[in-house]
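Undergrad: Provide a 3D model corresponding to the input given below.
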Amino acid sequence: MTLRRILLLGDPKLYEVSSAVTPGDLDLLRPVIADLHDTMMEFRRTHGVGRAIAAPQIGVAKRVVCMHIDEPVVLINPILDKMGSEMIELWDDCMSFPDLLVKVRRHKSCRITYRDLEWREQTMALEDDSSELLQHECDHLDGLLAVARAIDGRSFALREEISIK
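TA: Residues are numbered from 1 along each chain as shown. Sure thing, here's the model as predicted:
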């Protein structure tokens, strides 16, 4: 198990657009993907939160997301589409700014298409929590942080000051 340092808000690498993964990259990325999962699970153990992490958060500018809700899922080159018209407002959190919450609006539903570790195309219809989560992670792949999506100048709070589920 290799734990990686999670880049924090202000690190210029978090604002870079990640490059697409090719089939030839897979063998080189397998250790990175294992590190992503281990780093996320350790963050969850120490902070009590953390459902997904994007490769740029550990300084790897590749389009890879590791998610663990009921089981681990690796999303390679994810693409969001079929964004629902209904929006939800929520306090978003991020491993790259663990003590800060940001109020954002996200689509209540969407679809994500991605490649799995065997390079098979997969598709998931997303609703509510999973929709907002993967929108957040795909933003990381585009160098966009939740702080850039804040509803307004009053949409920031310290985690200890706000009770979220």
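Undergrad: Give me the helices and strands touching the longest helix belonging to the chain, please.
TA: Counting by DSSP state H, the longest helix found in the chain is helix 26-47. If contacts are counted by 3 or more C-beta pairs under 8 Å, 6 or more residues apart in numbering; DSSP states H and E, helix 26-47 sits against strand 52-54, strand 64-68, strand 72-81. Where C-beta positions appear, they are placed from N, C-alpha and C, glycine not excepted.
Undergrad: Just put these in a markdown table and tack on mean neighbour count and distance to Glu89.
TA: Compiled in a markdown table, the helices and strands packed on helix 26-47 are given as follows (neighbours: other C-beta atoms under 10 Å; distance: least, C-beta to C-beta, whole Å):
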| stretch | mean neighbour count | distance to Glu89 |
| --- | --- | --- |
| strand 52-54 | 26 | 20 |
| strand 64-68 | 23 | 22 |
| strand 72-81 | 18 | 19 |
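Undergrad: Where do the helices of the protein begin and end?
TA: 26-47, 128-141.
Undergrad: Any stretches of the protein with poor pLDDT?
TA: 1, 163-165 (pLDDT under 70).
Undergrad: Nearest the middle, which residue of it would you pick?
TA: Nearest residue to the geometric centre of the chain (C-alpha atoms, centre = their mean): Glu137, 2.4 Å.
Undergrad: In contact with that one, which residues?
TA: Ala52, Ile53, Ala54, Val65, Met67, Leu75, Pro78 (C-beta atoms under 8 Å, 6 or more residues apart in numbering).
Undergrad: which of the residues in the longest helix of the chain are buried?
TA: Leu29, Val32, Ile33, Asp35, Leu36, His37, Thr39, Met40, Met41, Phe43 (16 or more other C-beta atoms under 10 Å).
Undergrad: what do you get for stretch 92-112?
TA: 92-98, 100-104, 106-112.
Undergrad: And stretch 9-19, by the same measure?
TA: Leu14, Ser18.
Undergrad: List of residues touching that stretch?
TA: 7, 54-57, 59, 61-64, 94, 96-97, 100, 140-143, 145, 147.
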